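Peer 1: Compute the structure for the input listed below.
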Amino acid sequence: MEQEMEADKRRLEQLYDENIRLEKECRDGQSRSAKLQAELSRLTECGPHKKHEETGCFSSANVGSLSSQLSESTIARIHKLELENQRLRQRCDLETVSVASSVEQQSEEKEGILQELRCKNDALCMSSDERRQHEVGEMELLQNELVERNAQIAIFEQELSSAESKLKLAEADLRRLENEQITTQAQFASLQRDRSFLENENAKVKQSLESADAELEQCRQRLGRLEVEHERLATVRLQYDELSAHMDSLQSTNRRLQQQLEVEANKNQALAEDLVNEKRKIHSFEQLITEMRSSLNTSSEEENPVDDEKQRCANEDDPRILFWQVIQRLKNQIASGQQQLECSENELAALRQQIASQCAFAATDEQRQSSTVLADVTDSVENIRLKNRLLIDENGNIR
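Peer 2: Numbering: from 1, shown residues only. Prediction:
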């Protein structure tokens, strides 16, 4: 029924639109007929006036033909407009009658349909009350269900928000775990490298342990030998107690020898200083000799030969003679210094022999001390020998 009512409404709307369209066309036809009538009246009014004006402009020969042509065209146009006007009026009347009849017929049909629809509507209203009550009950149930669904939706929304927050936390944890995985992988790679390095080191340590075990066995053997040596040293300790007193005397003798060595070293230092001073004097004498030679050469070219007596007197005061006398004294001093050095070397050799003979009976610790003292004495002797050699070389250069 509702569909039929909607179809009837659509048909009524279509008929109403068609009626409006027909009324519009009728008004258009009436306006067109009014325009044609106005144009016809204007032409009828303007025709004689135009004809009079044209007769004043043209010549008398063409007046008859133009007026006849104008009147004919005007009459034909008027006739044509009248026919068009009649046709439009007839059409408008026909359309008006047809529209009115169709509208009346449609209105009667619609009244019948409307009466039927009212009857059906009353029946439907009776049935719709019961349906409405049933629908109200269902609506209440649906509202209650809607409230429950809204509550469930609110709960679901809360769960969704909590799930979203958990998801965000899980994403953050996932990113953190990914970063930790990257760092863990890097650490794992470094641990792998460390593992390979430690394995190599472990192999090296095993080899070193094996070598250490071998060395330990050697040390055990050495320990056995040392125990035997310890027993022997116990006996040597007794000998050491006996030799300690003798060592005191040796140390006093050693100190005395050290003092003698220091005295000899001081003597050698003094001789070296004297040698340096003598070298300086020799250098100054050489400069003086060169100057005297240059002066003698210049004076011998200018002066005449002198007597033997004067030459002898001059030779007594000649600086060259004085120089050679000084050189002779220096040679004598150097010879005496060499003799003193030889004596000191002989004394040192005797001291070394004495120390070696005295230290031969000392124990192991005393031998170390005496070897240290002997090394010091040897160093001192070597230094003295070097100084003596330097002095000998300098003496050779002076000669």
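Peer 1: Can you give me the pLDDT of residue 239?
Peer 2: Here the pLDDT value assigned to residue 239 is 72.
Peer 1: cool, residue 392 as well?
Peer 2: pLDDT, read off for residue 392, is 57.
Peer 1: what about stretch 278-295, average pLDDT?
Peer 2: So the average pLDDT for stretch 278-295 ends up being 73.
Peer 1: actually stretch 251-263, sorry about that
Peer 2: Averaging pLDDT along stretch 251-263 gives 76.
Peer 1: could you dump that stretch to PDB, C-alpha only?
Peer 2: Extracted in PDB, the C-alpha atoms of stretch 251-263 (Å, rounded to 0.1, in the frame of the first residue of the first chain):
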ATOM      1  CA  GLN A 251     139.300  -5.100  54.600                       C
ATOM      2  CA  SER A 252     141.700  -2.900  56.500                       C
ATOM      3  CA  THR A 253     144.400  -3.800  54.100                       C
ATOM      4  CA  ASN A 254     142.100  -3.000  51.200                       C
ATOM      5  CA  ARG A 255     141.200   0.400  52.700                       C
ATOM      6  CA  ARG A 256     144.900   1.100  53.000                       C
ATOM      7  CA  LEU A 257     145.400   0.100  49.400                       C
ATOM      8  CA  GLN A 258     142.500   2.300  48.400                       C
ATOM      9  CA  GLN A 259     144.100   5.200  50.100                       C
ATOM     10  CA  GLN A 260     147.300   4.500  48.300                       C
ATOM     11  CA  LEU A 261     145.400   4.300  45.000                       C
ATOM     12  CA  GLU A 262     143.800   7.600  45.700                       C
ATOM     13  CA  VAL A 263     147.200   9.200  46.500                       C
END
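Peer 1: the helices in this structure, which residues?
Peer 2: 2-57, 63-302, 308-316, 319-359, 364-398 (DSSP state H).
Peer 1: mean pLDDT for these: which is lowest?
Peer 2: Looking at these, the bottom one is helix 308-316 with a mean of 46.
Peer 1: Against residue 329, how distant is residue 343?
Peer 2: 21 Å (CB to CB, to the nearest Å). To be clear about C-beta, it is placed using only N, CA and C from the backbone, and glycine gets the same treatment.
Peer 1: now swap in residue 282 and tell me
Peer 2: Relative to residue 329, and taking CB to CB, residue 282 is found at 12 Å.
Peer 1: Compare those two (neighbour count), which wins?
Peer 2: Of the pair residue 282 and residue 329, residue 282 is the one with more neighbours under other CB atoms under 10 Å, namely 15 against 11.
Peer 1: Quick one: neighbours of residue 272, just the number.
Peer 2: The burial count for residue 272: 16, using other CB under 10 Å.
Peer 1: nope, residue 279 is what I meant
Peer 2: The local packing of residue 279 (other CB under 10 Å) involves 14 other residues.
Peer 1: can you check residue 183 too?
Peer 2: 10.
Peer 1: how far away is it from residue 173?
Peer 2: For residue 183, the distance to residue 173 - CB to CB - is 15 Å.
Peer 1: Same check on residue 215?
Peer 2: Separation of residue 215 from residue 173 (CB to CB): 57 Å.
Peer 1: now swap in residue 133 and tell me
Peer 2: On the measure of CB to CB, residue 133 and residue 173 end up 58 Å apart.
Peer 1: same question, residue 197
Peer 2: According to CB to CB, residue 197 and residue 173 sit 34 Å apart.
Peer 1: next one: residue 167
Peer 2: In terms of CB to CB, residue 167 sits 10 Å off from residue 173.
Peer 1: same question, residue 42
Peer 2: From residue 42 over to residue 173 the distance is 97 Å, taken as CB to CB.
Peer 1: what's the answer for residue 122, then?
Peer 2: Residue 122 is 71 Å from residue 173, by CB to CB.
Peer 1: what do you get for residue 201?
Peer 2: From residue 201 across to residue 173, the span is 39 Å (CB to CB).
Peer 1: and residue 275, how many neighbours does it have?
Peer 2: 19.
Peer 1: now swap in residue 274 and tell me
Peer 2: 15.
Peer 1: and the gap between it and residue 288?
Peer 2: Distance of residue 274 to residue 288, given as CB to CB: 21 Å.
Peer 1: now residue 220
Peer 2: Distance of residue 220 to residue 288, given as CB to CB: 82 Å.
Peer 1: Looking only at neighbour counts, state which of the two leads.
Peer 2: Taking other CB under 10 Å, residue 220 and residue 288 do not tie; residue 288 has more neighbours (14 against 10).
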